[in-house]
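**Q** Can you look at this prediction? I've put the sequence above it.
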Amino acid sequence: MAARKGRRLTCESEEPMEADFGGDDGAKGPTQVYLPGRGPPLREGEELVMDEEAYVLYHRAQTGAPCLSFDIIRDHLGDNRTELPLSLYLFAGTQAERAQSNRLMVLRMHNLHGTKPPPSEGSDEDEEEEDEEDEEERKPQLELAMVPHYGGINRVRVTWLAEEPVAAVWSEKGQVEVYALRRLLQVVDDEQALATFLRDEQARVKPVFSFSGHMGEGFALDWSPRVPGRLLTGDCQKNIHLWMPQDGGTWQVDQRPFAGHTRSVEDLQWSPTEDTVFASCSADASIRIWDIRAAPSKACMLTTAAAHCGDVNVISWSRREPFLLSGGDDGALKIWDLRQFKDGTPVATFKQHIAPITSVEWHPQDGGVFAASGADNQITQWDLAVERDPAAGEAETDPGLADLPQQLLFVHQGETDLKELHWHPQCPGLLISTALSGFTVFRTISV
């Protein structure tokens with residue numbers, strides 16, 4: 001079964017696999033707030049200009065061929081770190097035009113400084129020279145440890161098994177593979193070791209385990225946050241398989257799929273509080289809750305048959321509240337209270353996006369905050385705790401913003417063909433996204 005229309009990243013020409021990391025480059029000048037679907041569209045020649053004062057940090061990176069999916073690798077640099085410059089590690093896979101040109105990669109982004117304050121009036125030449133020196137020192141850095149992979153990568157997810165980082169990879173060739181990442185993480189921290197790896201070792205890196213029993217490609221993938229090594233994979237032919245870790249670094253994959261969905265399984269999420277419970281969403285418009293203690297044919301406990309008007313593309317299970325967040329082809333974002341899930345009615349629905357939702361994720365530290373990306377090239381940040389102050393009168397001063405949802409904190413734009421986003425679990429408020437235009441790393445003043 002073919003992937004859902006519009007899901008693939010497309011690129012006019014295939015670029016060589018080289019790293020290119022760009023930083024803050026917003027222009028200055030008279031601006032007007034622009035929101036897609038509200039007010040006049042952009043005229044020919046008009047461009048969106050970033051307001052740097054709205055960002056604490058903002059950087060962009062390109063890796064040649066675009067990446068449909070990525071995941072953040074938890075590191076040993078500490079939790080709750082906000083001091084700049086930042087460093088972070090990602091794992092990603094490309095979707096090149098030729099199957100043999102694809103790569104899996106570990107990315108090390110470092111020396112990520114914040115946005116610079118605007119220059120003060122009357123600054124002299126000495127200050128300008130100091131600014132140039134400072135600019136050189138503040139340049140962001142990117143190292144890539146790449147591994148050849150035949151076939152485009154649909155989705156990747158990373159976990160730690162004791163002290164061993166591993167990644168699950170869903171590819172268009174219809175296989176799910178598990179790769180060990182320890183060596184790749186080692187070499188991105190050492191320039192000389194990286195050069196040796198790229199010259200002599202990368203072609204020898206192979207998956208430590210693979211499963212081809214899906215009989216077709218898929219996108220749904222999630223590691224259990226509670227049981228190390230337990231994995232779920234779902235395909236475009238409506239099947240979900242459970243992986244159980246075994247001694248010796250292998251997995252036993254149950255050949256009996258979880259039965260219930262009638263179309264492609266789009267996303268999977270393990271419960272953050274129960275070892276055996278997970279959620280799934282599908283192109284059949286439903287969201288289902290399952291318990292693996294039952295036989296696969298009887299494991300579905302709860303179903304919302306018409307969760308969205310069309311495909312349900314993505315879900316995210318809050319680690320702090322009994323809420324499930326979903327996004328669909330209808331552009332809607334819906335919050336489901338799992339204590340009332342059988343009622344089939346969301347506790348909140350938000351409609352800011354004007355195209356299908358491509359990614360959603362709850363903030364790892366704040367239970368009421370989440371982010372979403374859409375095919376309308378918007379990334380939105382939301383806070384369920386926000387209520388508009390009627391005494392402020394902001395809606396009256398700007399009628400164009402009067403009908404915005406009061407929980408909408410921030411709208412980030414400027415990317416092309418957005419696909420996936422993640423909050424960094426160790427750097428509060430930091431968001432990373434991937435799109436046809438490359439990776440974006442940013443933190444707004446709102447979160």
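**A** Received the coordinates, thanks.
**Q** Let me see the contact set for I335.
**A** The contact partners of I335, by Cβ atoms under 8 Å, 6 or more residues apart in numbering, come to 323-325, 346-349, 384. (C-beta placed from N, C-alpha, C; glycine too.)
**Q** In JSON lines, list those along with distance to D247.
**A** As requested, those are exported to JSON lines (distance: Cβ to Cβ, whole Å):
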{"residue": "F323", "distance to D247": "37"}
{"residue": "L324", "distance to D247": "34"}
{"residue": "L325", "distance to D247": "36"}
{"residue": "P346", "distance to D247": "43"}
{"residue": "V347", "distance to D247": "43"}
{"residue": "A348", "distance to D247": "45"}
{"residue": "T349", "distance to D247": "47"}
{"residue": "L384", "distance to D247": "44"}
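**Q** give me the element T303 is part of.
**A** Under the criterion of DSSP states H and E, T303 resides in strand 300-304.
**Q** what packs against that strand?
**A** Contact partners of strand 300-304 among helices and strands, from 3 or more Cβ pairs under 8 Å, 6 or more residues apart in numbering; DSSP states H and E: strand 287-291.
**Q** Contacts for the strand it packs on next, please.
**A** 240, 258, 260-261, 276-282, 299-304, 307, 312, 315, 324, 326, 336, 338, 341.
**Q** Are any of those residues buried, and if so which?
**A** Among the contacts of strand 287-291, those classed as buried by neighbour count (16 or more other Cβ atoms under 10 Å) are 240, 258, 260-261, 276-282, 299-300, 303-304, 307, 312, 315, 324, 326, 336, 338, 341.
**Q** can you give me the end-to-end distance of stretch 362-374?
**A** With Cα to Cα, to the nearest Å as the measure, stretch 362-374 spans 15 Å from end to end.
**Q** What about the contacts of I335, which are in strands?
**A** Those of the contacts of I335 mapping onto strands are 323-325, 348-349, per DSSP state E.
**Q** can you map out the strands along the stretch 251-400 of the chain?
**A** Chain-ordered strands for the stretch 251-400 of the chain, with DSSP state E, counting those that start in this stretch as the definition, fall at 265-270, 277-282, 287-291, 300-304, 312-317, 323-328, 333-337, 348-350, 357-362, 369-374, 379-383.
**Q** same thing with the stretch 1-150 of the chain?
**A** Going by DSSP E, counting those that start in this stretch, the stretch 1-150 of the chain shows strands at 20-22, 55-62, 67-72, 86-94, 102-112, 141-149.
**Q** ranking these by mean pLDDT, which is last?
**A** Within those, confidence is poorest for strand 20-22, with a mean of 55 (mean pLDDT).
**Q** Walk me through which strands the helix or strand harbouring R157 pairs with, and which way each runs.
**A** Assigned by DSSP H and E, R157 belongs to strand 153-161. Using DSSP bridges, strand 153-161 pairs in its sheet with strand 164-171 (antiparallel).
**Q** The partner strand - what's its average pLDDT?
**A** For strand 164-171, mean pLDDT rounds to 97.
**Q** Then stretch 438-447?
**A** Averaged across stretch 438-447, the pLDDT comes to 96.
**Q** Please list all residues in contact with Q407.
**A** Listed by Cβ under 8 Å, 6+ apart, the contact partners of Q407 are 348, 350, 382-384, 386.
**Q** Now, of the ones in strands among the contacts of I335, which are buried?
**A** Buried positions within the ones in strands among the contacts of I335, assessed by neighbour count (16+ other Cβ under 10 Å), are 323-325.
**Q** Reformat those residues into TSV and put distance to D235 and pLDDT next to each item.
**A** What follows is these, written out as TSV (distance: Cβ to Cβ, whole Å; pLDDT from 0 to 100):
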residue	distance to D235	pLDDT
F323	27	97
L324	22	98
L325	23	98
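**Q** Using CSV, write down the CA coordinates of stretch 263-271.
**A** Taking C-alpha atoms only, stretch 263-271 is exported to CSV below (Å, rounded to 0.1, in the frame of the first residue of the first chain):
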residue,chain,number,x,y,z
ARG,A,263,-6.8,1.7,7.2
SER,A,264,-3.2,2.8,7.6
VAL,A,265,-1.8,3.1,11.2
GLU,A,266,-0.4,6.6,11.3
ASP,A,267,1.0,6.9,14.8
LEU,A,268,1.6,5.0,18.1
GLN,A,269,2.1,6.2,21.7
TRP,A,270,2.8,4.1,24.8
SER,A,271,1.2,5.2,28.0
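**Q** what's that stretch in contact with?
**A** Outside stretch 263-271, the residues that touch it by Cβ under 8 Å, 6+ apart are 1, 4, 218-226, 230, 232-240, 277-284, 311-317, 324.
**Q** Put the buried members of these into a PyMOL selection.
**A** PyMOL command restricting the contacts of stretch 263-271 to the buried ones, with burial defined by 16+ other Cβ under 10 Å:
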select buried, resi 4+218+219+220+221+222+223+224+225+230+232+233+234+235+236+237+238+239+240+277+278+279+280+281+282+283+284+311+312+313+314+315+316+317+324
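**Q** what's the spacing between L77 and R60?
**A** 22 Å (Cβ to Cβ, to the nearest Å).
**Q** returning to what we had before: angle of the strand holding R157 against strand 67-72?
**A** For strand 153-161 against strand 67-72, the angle between stretch directions is 10 degrees (axes from the mean of the first three to the mean of the last three Cα atoms, to 10 degrees).
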